[in-house]
Every structure is written in structure tokens, then in C-alpha cells.
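In: Here is the input, now give the coordinates:
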Amino acid sequence: MTNVIRTVGAGIVLIVVLFAGSLRECSASTEERAADGGAVSIVFRLRSPSPARMDAFAAGMAKRTAGMRVEPVVGDVYLAKVRLDEALNNEKAVLNEFMASGLVEFARPDGILYPPPDIAALRAEPAEQEKTWFLTKIQAPVFWEKSKGSKAIKVLVCDTGVESGHPDLRGNIGPGINLVDGSANTEPTGNGHGTRIAGLIGARGGHTGTGASGVNWDVTIIPGKISNQANGGAVHTDTAKCIKWGADQGIRIVNLSFSGAVDEPVIQEAAKYLRSHNGVLIMSAGNNGVRNDFPDNPDMIVVGGTNDIDWKPPYSNTGPYVDLTAPGSALYSTDAGGKYSKTSGTSLATAVVSGSAALMLSVKPNMTADQLADLVLKSTMDLGTPGRDEAFGAGRLDLKKALEFLTPWR
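Out: As a prediction, the model looks like this:
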């Protein structure tokens, strides 16, 4: 990585990343936090950002802190690692100093996201129709008559890593990146969440024999590993960097099946960046079973869950931010260790939508990001209150409708 490093005032280091070849030295990972108990990590954006304002902010903070390192994350959002001292000895005090400068639009801790907890683990090998009910529900077999997917379409999965050697995923996994340590190691670290997500997007086993079946027969899944922790915890900035990395690689679809990300400014900035680079961020509504009053974000497609009779399960969050729903209950997929699992959650529904977006793109790869997002939202069956509502958004995903839009009757 090539960096321009400037010292602004006593102990203030401003790092401007010119080429993100390695991300190790610019990641506020969970491992680094544990090792650096004398510093706090703050995500912030300046008001009317400019180099001159950043210099003024850094110079002001030089008088108030024992040392601060600032690095860009995405767009106008930065990460500051501030060394604690007797005067600024906790996170709240540092946040207060940031806001007191009068130059900061927002400042908040670089928090941790987690994949939603799995619901109803696999207890016995299900019958074949139980493995594939969600594919029938969204009418994927109808779409497969036109396209079963394409290796040319890439889907970035920002998650806990993907087991590339799983027998049902071989051939559909491409090289990715570990955003925590900058390496190419994207295998899971004690958490199979990312492998389950990947399986729903593009597992091949059930299509060619026995095993799990994803929405795509052919696709290239790119693992973006944002957690090296067994519990799947990922810091906000690593997650945002994953989305940005995907945009910079020209990847059109990014799947983020983590809870608590929708209202985070750094994730919103990354979603905006991705959309400006002709990509679409598809993310989960969450599994808390609550209503969130988040506004709809045009740069995100937020997915809630449904069950096999098109009801909203108790776990699926609701609110004006939910754009559509997809099957998310009792879905059979690949898991770490060459195994399989049958679990539920909006994470899984999100993967179904991401896989379906990849299918749509395989038929019309020249669609813009806005056109693809619009097609996804139009390809739904209305549920609940007529029209868009907070439980189902635009409705439940329907690939037959997508095919009708892509290949109109003549």
C-alpha cells in the first residue's frame, strides 16, 4: 500500500491511502482493539469536508489529545484512533471533544456488527422438497428456463468467510480478500454464517445430484471476510471497506447479511459509494422482531423474511426501511466443515435476493445499478396491506415476474 503520511500538530498523524493493496495497517479490527487498550476508535465526518478543514480539525485536536491517527474509510468518512490520557480517558470524553470542535458533522464509536443468530438448526436430513421449497416459492425454476446464471456475474459476500472447498460450492467461488488482516485467507474462522449465505446464492450440489441448491447454478461468489472471530463480530469500518473494495473491483452486487448496519453512517456512505460505482448493496432487515423507524435508503435494498405460506415470521424486523421480503425460514444450505444446516433469518432471505439479482443480471448484464434495483423491487408479489407496507415492503420476491420484465411478450 502506498500512503502519504502527514504529521499535523503534536502527535497527530493523517494517513491518506493512495492505493489499497494491503489493508492491514489501516484496519481498526477487533483484534487490534483488544491489543490496544489505550486508544479508542471513532468514525467521523467533517462539515463541508475539505483538506483545509481536516488540517484545522487535526491541529485543534493536537492541543487536546495525546495522539491521534486519522485514515480515510469511504467517501468523506474517516476513522480516528485516539490515544487516551488523563484528560481524555474514555470514549465519551473523546466524542465530546470531536463535537466541541464545531467542525464535525457526526462522530460515533467504530462499533461491532454481528451476523443475526441462527434460528432452528438442522436436526435431521430433510426431504428433497424441504431443501428446495424456497426456490419453488420464488419461481426460480421458471427463470432457469431462460438462465441458470453466469460465471461472469460476481456477488461479493461481506461476511465471516466462505469455505471454498465445500463440495457444493466448488467452481462457484472466486478469490476474495480478508478485510481484517489484508490477506487472501477468506476461509471461515469458527463461524459458518458466510458459507450458509454463499450456498443460498450459488450452491451446485442439489442441481447436479444431492446436497444444497442455490438460486444460481453458475455464479462467481467473492468472499469478503470482515471477521476473524468465532462469534462473527465485525467492526463497522472493516464492513464499509469491504463494500468499497467491491465497488473498486467493479462488482455489481454486494451481500451484507449482518444486523445493526442499516442506520450506521459509515455503512450508508459505503452504500452510496457502491451505487455511484454501478453496484447494489443488498442487506438484511434484522432478526429482533421489532419495528425500526429507519427511513428508506435509496442506496440500499433491505430484505425482510417470509415463511413457506407467505407469512411474516416473528423474527423479521419491520419498518419503512424494509424494501421487500424473500423466503427466510427453514432454509437448507451449505455450512462450514463440509456440512449442511437448516436455519432461519433475514440473513438468508437477503442471500436469496442477492442470488436472484445475479440471475437477473445474467440475462441483462448491461443494466445500471438503478435499473437492477428497480427490477428487483418490481419483481414481487404483493403481500399484507395492498401496496408497499412496513412488514413486506414491495412484496415477496417473484422471479417469474422478473422474467416477464426482462423478456416482455411480443
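In: Okay, helices next: where are they in the chain?
Out: If DSSP state H is used as the criterion, the helices of the chain fall at 30-35, 51-62, 91-100, 128-137, 140-144, 193-202, 205-208, 236-248, 265-276, 346-363, 369-378, 399-406.
In: Give the rounded mean pLDDT of the shortest one.
Out: The reference is to helix 205-208. For helix 205-208, the mean pLDDT works out to 84.
In: Over to stretch 340-357?
Out: For stretch 340-357, mean pLDDT rounds to 96.
In: Which residues does residue 281 form beta bridges with?
Out: Applying DSSP bridges to residue 281 gives these bridge partners: residue 254, residue 300.
In: Do I have it right that it meets residue 256?
Out: Yes: counting by CB atoms under 8 Å, residue 281 does reach residue 256; the two are 6.4 Å apart. To be clear about C-beta, it is placed using only N, CA and C from the backbone, and glycine gets the same treatment.
In: Now list whatever residues contact both of those two.
Out: Common neighbours of residue 281 and residue 256 are listed as residue 243 (criterion: CB atoms under 8 Å, 6 or more residues apart in numbering).
In: mind showing which ranges of the stretch 301-410 of the chain have poor pLDDT?
Out: Along the stretch 301-410 of the chain, the model assigns pLDDT under 70 to residues 409-410.
In: go on, the stretch 1-150 of the chain?
Out: In the stretch 1-150 of the chain, residues with pLDDT under 70: 1-37, 118-124.
In: now the strands: where do they sit in it?
Out: Shown for the stretch 1-150 of the chain, the strands assigned by DSSP state E, counting those that start in this stretch span residues 2-7, 12-19, 39-46, 68-74, 77-83, 104-109, 112-113, 149-159.
In: With distance to residue 53 and mean neighbour count as extra columns, can I get the ones you listed in TSV?
Out: Formatted as TSV, the strands of the stretch 1-150 of the chain follow (distance: least, CB to CB, whole Å; neighbours: other CB atoms under 10 Å):
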stretch	distance to residue 53	mean neighbour count
strand 2-7	15	11
strand 12-19	12	16
strand 39-46	5	22
strand 68-74	12	22
strand 77-83	11	23
strand 104-109	10	16
strand 112-113	29	20
strand 149-159	30	24
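In: how many neighbours does residue 144 have?
Out: Per other CB atoms under 10 Å, the neighbour tally for residue 144 reads 18.
In: Please tell me how far the nearest residue to residue 325 once chain neighbours are set aside sits from residue 316.
Out: The shortest distance from residue 325 to any residue other than its chain neighbours is 4.3 Å, reached at residue 304 (CB to CB, 6 or more residues apart in numbering). Relative to residue 316, residue 304 is positioned 5 Å away (CB to CB, to the nearest Å).
In: so what sits against both of these two?
Out: With CB under 8 Å, 6+ apart, residue 304 and residue 316 have common neighbours 285, 325, 328, 346, 349, 391.
In: any chance of those residues in TSV, plus distance to residue 108 and neighbour count?
Out: Formatted as TSV, the shared contacts of residue 304 and residue 316 follow (distance: CB to CB, whole Å; neighbours: other CB atoms under 10 Å):
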residue	distance to residue 108	neighbour count
285	21	31
325	30	31
328	29	33
346	24	29
349	28	31
391	29	18
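In: re the thing from before, do I have it right that the residue nearest to residue 325 meets residue 389?
Out: No: applying CB under 8 Å, one finds residue 304 not in contact with residue 389, separated by 10.5 Å.
In: and the two? which has more neighbours close in?
Out: residue 304 (30 against 16).
In: Let me see the contact set for the nearest residue to residue 188 once chain neighbours are set aside.
Out: Spatial nearest neighbour of residue 188, excluding adjacent residues (CB to CB, 6+ apart): residue 161 at 4.2 Å. Residue 161 sits next to 178, 186, 187, 188, 189, 191, 194, 195, 223, 225, 227 when contact means CB under 8 Å, 6+ apart.
In: Apart from its neighbours in sequence, what residue is nearest the third one?
Out: Residue nearest to residue 187 in three dimensions, not counting chain neighbours: residue 161, with 5.4 Å by CB to CB, 6+ apart.
In: Equivalent analysis for the second one, please.
Out: Beyond its immediate neighbours in the sequence, the residue positioned closest to residue 186 (CB to CB, 6+ apart) is residue 223, lying 3.7 Å away.
In: Looking at the strands of the stretch 1-150 of the chain, which is nearest to residue 127?
Out: strand 149-159 (25.1 Å; CB to CB).
In: ok, residue 49 - how many residues close by?
Out: Neighbours of residue 49 (other CB under 10 Å): 16.
In: Correction: the previous question concerned residue 63.
Out: 9.
In: got it, and the one 4 residues further on?
Out: A count of neighbours around residue 67, defined by other CB under 10 Å, yields 17.
In: Hmm, residue 88 and it touching each other?
Out: No: the criterion here is CB under 8 Å, and residue 67 misses it with residue 88 at 10.5 Å.
In: Name the residues contacting each of those two.
Out: Joint contacts of residue 67 and residue 88 (CB under 8 Å, 6+ apart) are residue 82.
In: and the residue nearest to residue 188, what pLDDT?
Out: Note on residue 161: pLDDT of 98.
In: for residue 257, what are its contacts?
Out: Neighbours of residue 257 in contact, by CB under 8 Å, 6+ apart: 115, 116, 159, 193, 197, 283, 284, 346, 347, 348, 350, 351.
In: Distance of the fourth one relative to residue 249?
Out: Yep, that's residue 193 we're talking about. 22 Å.
In: More neighbours: these two, which one.
Out: A count of neighbours by other CB under 10 Å puts residue 193 above the other of residue 193 and residue 249, at 29 against 15.
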